[in-house]
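*Asks:* any chance you could fold what I've pasted below:
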Amino acid sequence: VGKEILYAAHLFSNPRVMWYDERHADNIDTDVINAVHLEGSKPTKHVTVAVTGAAGQIAYSLLPHLLSGTVFGADTAVSLRLMNPTQDKLQGVVLELEDLAKDSLRSIVTTDKAEVCFEGADVAILLGAFPRTAGMERKDLLARNSAIFAAQGRALAKVASATCIVLVVGNPANTNAAILAENAAPRIAPGNITALTRLDQNRLKAQLARRIGGVQCAGIRRAIIWGNHSATQFPDVSHVTVHGRPLATSLRDTSFDLWSNDDKSQAPLCMWARGELVTTVQQRGAAVIHLRKLSSAMSAAAACADHLRDLLHGSEDWVSMAVPSDGSYDIPKGVWYSFPCHCYGNGTYDIVRDLDHDEFGQAKMRGTAAELIQELKDATASLAEPAPPGGWHQMLP
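*Replies:* Numbers count the residues shown, from 1 in each chain. Model (predicted):
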């Protein structure tokens, strides 16, 4: 085996990690690759995880989560396949992954090619997307990302596991997921492809915990994000419970009664939940950028880990995630819309059905749906190659 293969140092006195750069793959003895294995804890399961944008901010915070055992299980070895346009920075990430000294890490492949990244992937986390730059029109951003995600969809269909679970994070995430799914079909089922709105759900829970006081976020359930991961999203607290009690009950137990008005639509709780709270959650990402001069990374990575953990292992709470609409709540098929979902584990889920909404909620849900419909129409129109007949976009009104 040539020097292109680097073995990790004898961490814990066991040579246990191998990685290689795909650019030198022709020089690698595959028998040696197959012989490399974990020692010590000897996990009984294995998962191959592809990550795009792997040298970016979110990935830097996310990768340790993927090796911690909280996402895939303590008994699962992880093979990472990392893609990034520039390789030098990515090789620095590889060095740090080694220095984590995690027994769960089986191997790392680095590449700038989608087909190499997605080969055999059981889980794919798509962090990379073309960012909006100063002066860029929205239609240009959609066009750039549509081309990227159409190509990645075709690559997934060609080389990933047919049961691959795909999480789209790069924005505009909902529409990127729809474009990806159309090009990954029929080999990868549309339902296997979800987009991240868990960050918004976590933000909503955190704001509620601060407002109530003395309550942990884990005790807050049924907080919902409807629609797009954008400023049109609808953070909905109308079904929230706090340690099993309705939200209004928990807030009424504080030093003042937020339900003091006879007209509940004008009560302080309702006004806060429909005004300041909605705006705070919708604009939280912009607030982070304003202060950090960088987009959310640490919280976004944690949300990715939460999303995947619940999707893979199940959750007793409702999980907000953007999934292909099946017509529920009169949201047209063809868009990836954030719904509250029951997650059962192994990537299976159902949309929570038959929740009631007043006129305010219905209007918010229609508004964010309209934005998603227009985004997908614009994105599809921008693609140089038309989508296959019968594609998801043709279901749009």
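*Asks:* which residues touch the lengthiest helix in the chain?
*Replies:* Ordering each helix of the chain by length in residues (DSSP state H) puts helix 359-382 first. Identification of contacts with helix 359-382 by CB atoms under 8 Å, 6 or more residues apart in numbering yields 138-139, 142-143, 145-147, 172, 174-175, 178-179, 226-228, 230, 232-234, 236, 238, 265, 274, 278, 329, 331-332, 334-337, 357, 387, 391, 393, 396-397. The C-beta positions use only the backbone N, C-alpha and C, and glycine is treated the same way.
*Asks:* and the longest strand for the protein?
*Replies:* Counting by DSSP state E, the longest strand found in the chain is strand 336-345.
*Asks:* quick check: mean pLDDT of it?
*Replies:* Per-region confidence: strand 336-345 scores 98 on mean pLDDT.
*Asks:* helices and strands around it, which ones?
*Replies:* With contacts taken as 3 or more CB pairs under 8 Å, 6 or more residues apart in numbering; DSSP states H and E, strand 336-345 sits against helix 173-184, strand 193-195, strand 224-226, helix 298-313, strand 319-324, strand 348-351, helix 359-382.
*Asks:* distance between it and the chain's centre?
*Replies:* Distance of strand 336-345 from its chain centroid, counting by CA atoms, centre = their mean, to the nearest Å, is 12 Å.
*Asks:* same deal with stretch 299-318?
*Replies:* 9 Å.
*Asks:* ditto for stretch 367-374
*Replies:* 20 Å.
*Asks:* next, the buried residues of that stretch.
*Replies:* 368-373 (16 or more other CB atoms under 10 Å).
*Asks:* burial measure for Val352, as a count.
*Replies:* Neighbour count of Val352, defined by other CB atoms under 10 Å: 18.
*Asks:* which strands or helices does the strand or helix carrying Ile58 pack on?
*Replies:* Following DSSP states H and E, one finds Ile58 within helix 57-67. If you count contacts as 3+ CB pairs under 8 Å, 6+ apart, helix 57-67 packs onto strand 45-52, strand 76-83, helix 87-99, helix 298-313.
*Asks:* surely Arg353 is in a strand?
*Replies:* No: the assignment for Arg353, made by DSSP: H, G, I helix; E, B strand; the rest coil, is coil rather than a strand.
*Asks:* Trp318 is in contact with that one, correct?
*Replies:* No: applying CB atoms under 8 Å as the test, Arg353 and Trp318 come out as separate, 11.5 Å apart.
*Asks:* between those two, tell me which one has more neighbours.
*Replies:* Higher neighbour count among Arg353 and Trp318: Trp318, with 22 against 10, using other CB under 10 Å.
*Asks:* what's near enough to touch that one?
*Replies:* 221-224, 340-342, 352.
*Asks:* how much space separates the nearest residue to Leu196 once chain neighbours are set aside from Leu199?
*Replies:* Counting by CB to CB, 6 or more residues apart in numbering, Leu196 lies nearest to Val169, which is 4.8 Å off, once chain neighbours are set aside. When CB to CB, to the nearest Å is the yardstick, Val169 and Leu199 sit 9 Å from each other.
*Asks:* who touches both of those two?
*Replies:* Ala300.
*Asks:* compare these two (neighbour count), which wins?
*Replies:* Counted by other CB under 10 Å, Val169 and Leu199 do not tie: Val169 has more neighbours, with 29 against 25.
*Asks:* that one reaches Leu127, doesn't it?
*Replies:* Yes: the criterion here is CB under 8 Å, and Val169 meets it with Leu127 at 4.9 Å.
*Asks:* find residues that contact each of those two.
*Replies:* Ile58.
*Asks:* ok, back up a step: out of the contacts of helix 359-382, which sit inside strands?
*Replies:* Per DSSP E, the contacts of helix 359-382 map to strands at 226, 234, 236, 336-337.
*Asks:* pick the one among those closest to Gly191.
*Replies:* Trp336 (10.7 Å; CB to CB).
*Asks:* who's the closest one bridged to?
*Replies:* Pro324 (DSSP bridges).
*Asks:* tell me how far it lies from Ala181.
*Replies:* 8 Å.
*Asks:* these two: who's more crowded?
*Replies:* Legend: neighbour count by other CB under 10 Å for Trp336 and Ala181, higher for Trp336 (32 against 27).
*Asks:* the more buried one contacts Ala195, doesn't it?
*Replies:* Yes: if you go by CB under 8 Å, Trp336 and Ala195 touch, sitting 5.3 Å apart.
*Asks:* what sits in contact with each of those two?
*Replies:* Common neighbours of Trp336 and Ala195 (CB under 8 Å, 6+ apart) are 173-174, 177, 322.
*Asks:* OK, contacts around Thr197?
*Replies:* 173, 225, 229, 233, 320-322, 338 are the contacts of Thr197 under CB under 8 Å, 6+ apart.
*Asks:* kindly apply the preceding question to Gly227 instead.
*Replies:* 233-234, 337-338, 364-365, 367-369, 371-372.
*Asks:* cool, Ala184 as well?
*Replies:* 153-154, 156-157, 166, 193.
*Asks:* over to Ser325?
*Replies:* Neighbours of Ser325 in contact, by CB under 8 Å, 6+ apart: 331-337, 339.
*Asks:* low pLDDT regions in the stretch 101-250 of the chain?
*Replies:* 134, 250 (pLDDT under 70).
*Asks:* and the helices in it, which stretches?
*Replies:* In the stretch 101-250 of the chain, the segments counted as helices under DSSP state H, counting those that start in this stretch are 114-118, 138-159, 173-184, 198-212, 247-252.
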